[in-house]
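S.K.: Take this sequence and fold it.
(one chain, ligands or ions: 1)
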Amino acid sequence: MQIDFELLHSKLEALKNKYQNLTYLETDPICFPKQYKDPLDIEVVSLISCLFAYGNVKSIQGFLRPLFTLLGPSPFQTLQEAGSNYQTLFQKLQGYRFQTKKDNQNFFQTLVRIISESKNKSPLWESKFLDQAGKFQEESSLQNFQRFWEKELQTTLGKKPLTYGLQFLIGKSTTNSPKKRLSLFLRWMVRTSYPDFGIYQKIKPNQIPFPLDVHIQKLIQILGITSRKSFRSSDAYLIKDFFLKIKPDDPLLYDFYLTRVGIIEKCKASYQEGVCEKCYLKEICLVVPRGIEPRLQG
Ligand code: SF4
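M.R.: Model (predicted):
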């Protein structure tokens, strides 16, 4: 199918105008790092929020909210000062879905150790994505970051292999999966405009993979952007390349707004009259029967 880029662009702009509003941040895990000003707090809270951002919004928030209350007004400082007292700090920490209570304690013990060695220098982890020449590489940068964490978690566990929960949390450096939670973390760290933070300066917004979460995976199919049904890490870059044609400097601009169609509008990726009639993407969505005039123009 031939895509009408001008029409797609105008619909994406309409979505952006609708959802570029602070009240909609509450429906996204970015609401957690948004509560902090210091880049060190923002980076630490962003990483934790993204790694645990799987499952439904209610359970993600139900786990993260008490955790960040526990970490106080400066999570970076709390973790930095925790030292050997980390066990007391995380005594009440619960498990979350695939992570047992013990997995979470091991993860935070690792984070405490990494942060205590960080010398208060922001950014903490941009260099972990880069190659030896300080460059971001599509084929290896996210894997570099995962390898760094695998090694650090291994240090915490001693001779034991990573548990399923810990491996799931950081993802496997050797698999071909789209690495959507790390892509989201990069989006928050690299993009400079709303709603993201622009803390990483060496990686450019037009280099990073599109976060292919479940909502985006459905939307890119029903908007005719891809015919793929399953996704690999290379697809996250192909989708980013598609959006480069619309926004050459900032291809992930519409990610936050597109995911609202799934999260807020409850798009089911099939025609549901009550939902689709109000959708700003109706005119360009392939599952909408043609001949039905949109009642609401975007
Ligand atoms: S028109 Fe319906 S199916 Fe298509 S994107 Fe909108 S809500 Fe989803």
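S.K.: which bits of the stretch 151-298 of the chain sit near the ligand?
M.R.: Residues of the stretch 151-298 of the chain found near the ligand (CB under 6 Å from any ligand atom) are 222, 261, 265, 267, 269, 275-276, 279, 281-282, 285, 287-288. C-beta: built from backbone N, CA, C; applies to glycine.
S.K.: Separate out the buried members of these.
M.R.: Among those, those scoring as buried are 222, 261, 265, 267, 269, 276, 279, 281-282, 285, 287-288 (criterion: 16 or more other CB atoms under 10 Å).
S.K.: hmm, back to that, out of the residues of the stretch 151-298 of the chain next to the ligand, who's nearest residue 230?
M.R.: Proximity of these to residue 230 (CB to CB) peaks at residue 269, which lies at 14.8 Å.
S.K.: Let's see which of the buried ones among the residues of the stretch 151-298 of the chain next to the ligand end up in helices.
M.R.: 222, 261, 276 (DSSP state H).
S.K.: which residues in the stretch 51-200 of the chain form helices?
M.R.: 57-70, 75-82, 86-89, 101-116, 141-157, 164-170, 180-190 (DSSP state H, counting those that start in this stretch).
S.K.: sorry, back to before: could the buried ones among the residues of the stretch 151-298 of the chain next to the ligand go into JSON lines alongside pLDDT?
M.R.: As requested, those are exported to JSON lines (pLDDT from 0 to 100):
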{"residue": "222", "pLDDT": "97"}
{"residue": "261", "pLDDT": "97"}
{"residue": "265", "pLDDT": "94"}
{"residue": "267", "pLDDT": "97"}
{"residue": "269", "pLDDT": "96"}
{"residue": "276", "pLDDT": "97"}
{"residue": "279", "pLDDT": "97"}
{"residue": "281", "pLDDT": "97"}
{"residue": "282", "pLDDT": "96"}
{"residue": "285", "pLDDT": "97"}
{"residue": "287", "pLDDT": "96"}
{"residue": "288", "pLDDT": "96"}
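S.K.: Closest one to residue 190 out of these, please.
M.R.: The closest of these to residue 190 turns out to be residue 261 (CB to CB; 23.1 Å).
S.K.: Can you give me every residue that contacts the closest one?
M.R.: Contact partners of residue 261, counting by CB atoms under 8 Å, 6 or more residues apart in numbering, are 15, 215, 219, 267, 279-281.
S.K.: from the residues you listed, which two are the most distant?
M.R.: The largest separation in these, counting by CB to CB, is between 215 and 280 at 14.7 Å.
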